[in-house]
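Student: Kindly generate the corresponding structure for this input.
(chains A and B)
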Amino acid sequence: MPSSPPRHGEGRGRLQQWLPKLVLAPSFALLLFFVYGFIVWTSYISFTDSGMLPDYTWVGLEQWSKLWRSWTWGIALHNIWVFGLLYIVSCTVLGLLLAILLDQRIRAEGVLRTIYLYPMALSFIVTGTAWQWFLNPGLGLEKTMRELGWESFTFNWLINADMAIYTIVIAAVWQATGFIMAMFLAGLRGIDGEMIKAAQIDGAPTWKIYARIIIPQLRPVFLSAIVVLAHLAIKSFDLVVAMTGGGPGNSTAVPATFMYSYAFSRNEMGIAAASAVFMLAVIAALIVPYLYSELRGGRS
Amino acid sequence: MSSAMPGRRSLSGARVMLYAVLCVFAVIYLTPLYVMLTTSFKSLEEIHQGNMLALPEQWTVTPWLDAWSGACIGLECNGVHGYFFNSISIVVPAVLISGLLGAFNGYVLTKWRFRGHKIVFGLILFSCFIPFQIVLLPMARVLGILQVANSTTGLVLVHVVYGIGFTTLFFRNFYESFPNELVRAAQLDGAGFFTLFFRILLPSSIPIIVVTVIWQFTNVWNDFLFGVSFSSGDSAPITVALNNLVNSSTGVKAYNVNMAAAMIAAVPTLIVYVLAGKYFLRGLMSGSVKG
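Tutor: Numbering: from 1, shown residues only, chains lettered A, B, ... in the order given. All right, here's what the predicted structure looks like:
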C-alpha cells in the first residue's frame, strides 16, 4: 500500500508517511527491550558467577556444567520428555477422534462442543486443584470406587513417586483435548467434498475414506496442533505446582519448576538462567522453522 | 457448514454407538466440574463420610462464604475476595491496552507496509512463543527499578508487554483480508491515517475484537507464573491466592472451601466461554490463529 496521496500539502504528506512507523514504534521498542534485550541479558547471566544477585564476572560454562550435573535437572528433563510425548500424542489422537465423531451431523453438536471445550477456559491452578482432589487417594476416586463395591480398586498415583507424573498428564490432556478437537473440526469442515463423494460412489468404506483421503488432508492441522501442544508442554509450570508441587520428593519436577526454584528460592541465578536459555533454545528450534514456513507460504 | 460425510442414517445401530461414545466423553469431561461443585456445597463431615460422586445430603453455602471472605491465606483470614478484585484490576487495563496496541500494529503491518515489515512482524510473532522463564529474572529487576514490583501496576505492564504479540497477530491476520480497495477509496477522499482506522477499519472489526478480548482475558486471568513471581501478599492475583490456600494451608484441609475458592477463580472465564465461546471459535477458525 503506497503512503498518502500527493494532493495534500508536503508537510501533511510527510507526517502521514511517518505516522504508521511512529504508531508501531512503542510496541516494537517494548518488545525489543522486554523480549530480545531480556533474552540477551539472561543468556549472558548464564555465563557469569551470579547467585542471589547478578554478578557480571565471566565464568564460562561453569553454570552450565553445574546444570548438567544436577540430579534434579536430569529428572526434570526426563519428566518433560515423558509428559510432553504422552500429552502431545494423547491430545492429538483424542482430539482427532472427537472431531471426527462430532463431524457426523450430530444433533446436539453445539452443546457437546462446549462441554469438551470448557476445561480450556480454566486456569491450570483450578484444574490442578480439582484433579488433586479428584485423585486424592484417601477421599477421592479410590474411596468412591471402593464404596461402589470395587473393594480392591487402588489409585494412588498422586502420592506415588513413580506414577505422579502421569496424573499430571491426565489432567493436562483433559484440559487441552477440546481445543485440539476444535482445530481438527475446523480442518474437517474445510475439506473439499468432491473427492469424498467420488470415493463414496466407488463404494469405499467409511474408515478407508478417512484413512486415505480425509486424514492426509489434515496435515497442516496436525502440524499446528503439535506445535501448540509442544509449546504448552514445555511451559507447563502452573499445573505441576498446583497438583503435586513437583513432588513427591522431586519426582514431578519439570524444567519450568526447576528454573523457578533455582531463581527464587535457591538463589542460584546463574543455573536458573542456564536452564531458561536451554528451554528457549528447544522451543526456538521447534517454532522458528514453523513460523518461517507459515510466513513464507500462503499470504504475502 | 457441511459435514464431511453425508449421512448414512440407515445404520441406526452405528449411530446409537456414536451418540453413546460422545455421551461417555461428555460425562468424563463434566465429572471434575461436577465433583468440584458438589464438594463445595458439602460440609466437611459429609466429605469424610460420604461418596465423592453423591449430591450433598445437606446443602450448605458456608464453604462459599468462607472462601470469599473468611479463609486464611498466609497470615490473613479474609478469603479470596481481595485477590479476586486484584485480578480484575489487572485484567481490565491489560486487555484494553494490549488490545489497542495490537489493533494499531495490525493496521500498520497490513495497510501501511514499509520495508522490513515482515521482519518486524516475525520478531513480534516470536514473542508469543518464548518460554517466559527466559524473562523472569531480568523482569524482576526491571520491575524493582521502576518501583512497581509487588504491585498490580507491575503485573499490568508485564501482561501488556507479553500480550502484544498475540493481539498483533490477531488483528494483522484479520486486516490482511480487509479489502484494500476500500482503504484506497477512503484515502482518495482525503482520509488520513487515524480517520481511516477509526472510520473504516475499526467499525468492521467486531469479530476480531471479540476474539482478542476473550483470548487476553482468559490468558491474563488464568496467569500464575507472572503472578507468583512478581507479586506478594496483598497484590497477588486470584490464581496465586488459590494456590496458597490449597497447597500451603496447615492443619485440617477444608476441601469444600478449596473447591468453592477454585470455583470462584473459574467463574469469570467460564462465563465468558459459555456466553461468547461460539464467536471465539468462529473467529479463531477463520484463520486468526495461523501465523
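Student: domain parsing for chain B?
Tutor: B:4-69, B:81-286 (automatic domain parsing).
Student: buried set for stretch B:163-180?
Tutor: Under the neighbour-count criterion of 16 or more other CB atoms under 10 Å in any protein chain shown, stretch B:163-180 has B:163-176, B:178 buried. The way it works is simple: take the backbone N, C-alpha and C, and place the C-beta from them, glycine included.
Student: follow-up on the earlier one: would you single out the least confident of the domains of chain B?
Tutor: In terms of mean pLDDT, the lowest-scoring of these is domain B:4-69 (a mean of 85).
Student: near chain A at all, it?
Tutor: Yes: contact of domain B:4-69 with chain A (CB under 8 Å from any CB of the partner chain) involves B:4-8, B:15, B:18-19, B:21-22, B:25-26, B:28-33, B:35-36, B:39, B:47-48, B:51-53.
Student: Minimum distance to residue A:281: which of the domains of chain B has it?
Tutor: domain B:81-286 (9.7 Å; CB to CB).
Student: residues in contact with residue A:59?
Tutor: A:47-49, A:270 (CB atoms under 8 Å, 6 or more residues apart in numbering or on different chains).
Student: For whatever residue of the stretch 1-150 of chain B ends up closest to chain A, which non-adjacent residue is spatially closest?
Tutor: For the stretch 1-150 of chain B and chain A, the shortest gap (CB to the nearest CB) falls at residue B:112, measuring 3.6 Å. Here the nearest residue to residue B:112 in space, its sequence neighbours aside, is residue A:20; by CB to CB, 6 or more residues apart in numbering or on different chains that works out to 3.6 Å.
Student: middle-most residue in the chain, spatially?
Tutor: Defaulting to chain A. Per CA atoms, centre = their mean, the C-alpha nearest to the average position across chain A is that of residue A:232, at 1.0 Å.
Student: my bad, chain B
Tutor: residue B:218 (0.7 Å).
Student: hang on, that one in a helix?
Tutor: Yes: applying DSSP: H, G, I helix; E, B strand; the rest coil, one finds residue B:218 inside a helix.
Student: check contacts around residue A:128.
Tutor: So residue A:128 contacts A:171, A:238-243 (CB under 8 Å, 6+ apart).
Student: Please report the residue range of the longest helix in the chain.
Tutor: In the absence of a named chain, chain A is used. Longest helix of chain A, by residue count under DSSP state H: helix A:71-102.
Student: wrong one, I was asking about chain B
Tutor: From DSSP H, the single longest helix across chain B is helix B:81-111.
Student: Read off the pLDDT value for residue A:11.
Tutor: pLDDT, read off for residue A:11, is 59.
Student: try residue A:105
Tutor: At residue A:105, pLDDT is 85.
Student: so how many other residues sit close to it?
Tutor: 16 (other CB atoms under 10 Å in any protein chain shown).
Student: Does it lie in a helix or a strand, and which?
Tutor: Using DSSP states H and E, residue A:105 falls within no helix or strand.
Student: Can you read off the backbone torsions of it?
Tutor: Phi and psi for residue A:105, reported as degrees, to the nearest 10, are phi 50, psi 60.
Student: Which secondary structure element of chain A has the lowest mean pLDDT?
Tutor: Counting by mean pLDDT, DSSP states H and E, chain A has its least confident helix or strand at helix A:141-147, which shows a mean of 81.
Student: List the buried residues of that helix.
Tutor: Buried-residue list, helix A:141-147, by 16+ other CB under 10 Å: A:141-145.
Student: of all those residues, which comes closest to residue B:101?
Tutor: Of all the buried residues of helix A:141-147, residue A:141 has the smallest distance to residue B:101: 45.9 Å, by CB to CB.
Student: Would you mind measuring from the residue lying closest to residue B:59 once chain neighbours are set aside to residue A:38?
Tutor: Spatial nearest neighbour of residue B:59, excluding adjacent residues (CB to CB, 6+ apart): residue B:41 at 5.0 Å. Distance, residue B:41 to residue A:38, by CB to CB, to the nearest Å: 46 Å.
Student: more neighbours, the two?
Tutor: Taking other CB under 10 Å, residue B:41 and residue A:38 do not tie; residue A:38 has more neighbours (23 against 19).
Student: Isn't the more buried one up against residue B:139?
Tutor: Yes: in this structure residue A:38 lies within contact range of residue B:139 using CB atoms under 8 Å: 6.8 Å.
Student: follow-up on the earlier one: out of the domains of chain B, nearest to residue A:75?
Tutor: Across these, closest to residue A:75 is domain B:81-286 (CB to CB), at 17.1 Å.
Student: got a list of what residue 109 touches?
Tutor: Since you didn't name a chain, this refers to chain A. residue A:102.
Student: look at chain B instead
Tutor: A:24, B:117, B:120-121, B:168, B:172, B:175 are the contacts of residue B:109 under CB under 8 Å, 6+ apart.
Student: What sits closest to it if chain neighbours are left out?
Tutor: Using CB to CB, 6+ apart, the nearest residue to residue B:109 is residue B:172, at 5.0 Å.
Student: Contacts only, for the one you found.
Tutor: Per CB under 8 Å, 6+ apart, neighbours of residue B:172: B:105-106, B:109-110, B:121.
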